[in-house]
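Novice: Below is the sequence, then the predicted model.
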Protein chains: 2
Amino acid sequence: MAAAIDVLAESGFGAASLAAIADHIGVSKGVISYYFAGKDRLLQEVVASVLADAAAYMRPRVEAAPAGRPALRAYVSSNLEFIDAHRREIIALIEIFNGASPGRGVASPYAAGHRSAVDAVTRLLEAGQQAGDLGPFHPRFAAVALRAAIDAVSELLREEPEADVLAYGSELAALFERGLGA
Amino acid sequence: MAAAIDVLAESGFGAASLAAIADHIGVSKGVISYYFAGKDRLLQEVVASVLADAAAYMRPRVEAAPAGRPALRAYVSSNLEFIDAHRREIIALIEIFNGASPGRGVASPYAAGHRSAVDAVTRLLEAGQQAGDLGPFHPRFAAVALRAAIDAVSELLREEPEADVLAYGSELAALFERGLGA
DNA sequence: CTAACATTTGACCGTGCGGTCAGAACCTGG
DNA sequence: CCAGGTTCTGACCGCACGGTCAAATGTTAG
């Protein structure tokens, strides 16, 4: 899984063949088949693992904040802190999300994690609206926009690997706090 | 090119092989090679064509608006109006952008169009700041976030093909106007 | 009608993919 | 010093890809 993350982050989804991943740690690709039922399972486990780590870091920080703008800021800030500390993993994750293109109406097997992230943001925003601290915008639309803006760090990092992820997070937090506040 | 757009929009980047595109209009794939130097050239021409159409629609509307929030709103609104009227083309475009994953630091040959779009937004925001109508945020970061939020319509449309694109545009315009205003 | 040109076909490359598997190599407890 | 299980290799599938090309088939001007 570490090798898969490395190859995905360094060379992109298209170059992340079983052979490339195996070469990266100097084993034959048969080893991957020995430990994983297939390439799909390997990628699913990578997605699940990174998502679990991110959730473990973010959840307590978000839940400790009051509903509304503080929770929103905690979400954005803690998400980008995690990204800053796990750049390779995050780039790999987004490579998988973007690279495994599904058919019309058919979700990619990896997209479940992404959709559940959008759902979590939607609930966070709805809670803020009920608390009266956020305005009457369309929660799902705003959640889609926010997640897309967060995930755009991968684009930032691709063009400029030393980009200031935390500064980007500050801008995002301020932008959405002002834009969505009551 | 129309067949390429159809297949990209309906079946995704991964399924858009020369054979699939040729089948879609009932010709052999040799025809594509006869008219295009290669798959890359075909996709580049699709990108250039859609981007040119979008620019032709948006430019007069954006330039007619005063710098700052009106120009920002004109940009977001006209962009999503165009998207609403050209859903297939836009989904195809974003499939190309997301699907053709480049290597570390190496831009995909199709990414030039996307980067220039970010640049255009950056300039638009800087002009608004100079006019005193937009706040002192990081223009490129905000531009990346805005373009990512706009491009997320493809995700919206994939899960819900009848999504209200114009309503999404209204939310986005309001969000960024408030979030970026002075 | 014919000659010249434009277009299209379908069989055919070479390549790299995900995946398989018999057997070699490597542990490790008795 | 084995015997048994675990791990690993490297050759090997079948397949789909992008791309090529001689030959067949339109098309059109003189």
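Specialist: Cool, got the structure.

Novice: C-alpha from now on. contacts and neighbour counts both.
Specialist: Noted.

Novice: Enumerate every residue touching residue A:119.
Specialist: Residue A:119 is in contact with A:140, A:143, counting by C-alpha atoms under 8 Å, 6 or more residues apart in numbering or on different chains.

Novice: in chain A, which spans are strands?
Specialist: Per DSSP state E, chain A carries no strands over any range.

Novice: What helices and strands are in contact with the longest helix anywhere in it?
Specialist: Secondary structure of chain A per DSSP state H: the longest helix is helix A:39-63. With contacts defined as 3 or more C-alpha pairs under 8 Å, 6 or more residues apart in numbering or on different chains; DSSP states H and E, helix A:39-63 has these neighbours: helix A:2-11, helix A:69-85, helix A:87-99, helix A:111-130.

Novice: what's the most buried one of the ones you listed?
Specialist: Highest mean neighbour count of those: helix A:87-99, a mean of 23 (counted as mean count of other C-alpha atoms under 10 Å in any protein chain shown).

Novice: What angle do helix A:2-11 and that helix make with each other?
Specialist: 80 degrees (axes from the mean of the first three to the mean of the last three C-alpha atoms, to 10 degrees).

Novice: hmm, helix A:87-99 touching DNA strand C?
Specialist: No: Helix A:87-99 lies out of reach of DNA strand C by C-alpha under 7 Å from any atom of the strand, never closer than 11.8 Å.

Novice: And the pLDDT at residue A:102?
Specialist: Looking at residue A:102, its pLDDT is 62.

Novice: for residue A:107, same thing?
Specialist: 55.

Novice: What lies in contact with stretch A:52-62?
Specialist: Contacts for stretch A:52-62 (C-alpha under 8 Å, 6+ apart): A:71-72, A:74-75, A:78-79, A:82.

Novice: Rebuild the residues you listed as TSV, extending it with pLDDT.
Specialist: Compiled in TSV, the contacts of stretch A:52-62 are given as follows (pLDDT from 0 to 100):
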residue	pLDDT
A:71	97
A:72	98
A:74	98
A:75	98
A:78	98
A:79	98
A:82	98
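
Novice: Could you list the residues of chain A in contact with DNA strand C?
Specialist: Counting by C-alpha under 7 Å from any atom of the strand, the residues of chain A near DNA strand C are A:15-20, A:29-30, A:33, A:37-40.

Novice: Kindly indicate the member of those with the most neighbours.
Specialist: Neighbour counts for the residues of chain A next to DNA strand C, by other C-alpha atoms under 10 Å in any protein chain shown, peak at residue A:16, which reaches 23 neighbours.

Novice: so what's it up against?
Specialist: A:4, A:7-8.

Novice: Check residue A:163 too.
Specialist: So residue A:163 contacts A:156-157 (C-alpha under 8 Å, 6+ apart).

Novice: What are the phi and psi values at it?
Specialist: The phi/psi pair for residue A:163 (degrees, to the nearest 10) reads phi -60, psi 150.

Novice: where does it sit relative to DNA strand D, distance-wise?
Specialist: 33 Å (C-alpha to the nearest atom of the strand, to the nearest Å).

Novice: residue ranges with poor pLDDT in chain A?
Specialist: A:101-109 (pLDDT under 70).

Novice: how about 50 then?
Specialist: Judged by pLDDT under 50, chain A has its weakly predicted residues at A:104-105.

Novice: what's the residue lying closest to residue A:48 once chain neighbours are set aside in contact with, if anything?
Specialist: Nearest residue to residue A:48 in three dimensions, chain neighbours excluded: residue A:113, at 7.5 Å (C-alpha to C-alpha, 6 or more residues apart in numbering or on different chains). Counting by C-alpha under 8 Å, 6+ apart, residue A:113 touches A:47-48, A:51.

Novice: Could you find the closest non-adjacent residue to residue A:6?
Specialist: Looking at residue A:6 with C-alpha to C-alpha, 6+ apart, the closest residue is residue A:88, at 6.7 Å.

Novice: wait, isn't the one you found in contact with residue A:9?
Specialist: Yes: Residue A:88 lies in contact with residue A:9 (C-alpha atoms under 8 Å); the separation is 5.4 Å.

Novice: where's residue A:163 relative to residue B:45, distance?
Specialist: For residue A:163, the distance to residue B:45 (C-alpha to C-alpha, to the nearest Å) stands at 31 Å.

Novice: Can I get stretch A:91-104 as CSV, trimmed to CA atoms?
Specialist: Extracted as CSV, the C-alpha positions of stretch A:91-104 are listed here (Å, rounded to 0.1, in the frame of the first residue of the first chain):
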residue,chain,number,x,y,z
ILE,A,91,-2.3,13.2,-3.8
ALA,A,92,-2.6,9.5,-4.2
LEU,A,93,-6.2,9.5,-2.9
ILE,A,94,-7.3,12.2,-5.3
GLU,A,95,-5.5,10.5,-8.2
ILE,A,96,-7.7,7.5,-7.5
PHE,A,97,-10.9,9.5,-7.2
ASN,A,98,-10.2,11.5,-10.4
GLY,A,99,-8.4,8.8,-12.4
ALA,A,100,-10.9,6.0,-12.0
SER,A,101,-13.6,7.4,-14.2
PRO,A,102,-17.0,5.8,-13.9
GLY,A,103,-19.6,5.4,-16.6
ARG,A,104,-22.7,7.6,-16.9
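
Novice: Distance of residue A:169 relative to DNA strand D?
Specialist: Residue A:169 is 37 Å from DNA strand D, by C-alpha to the nearest atom of the strand.
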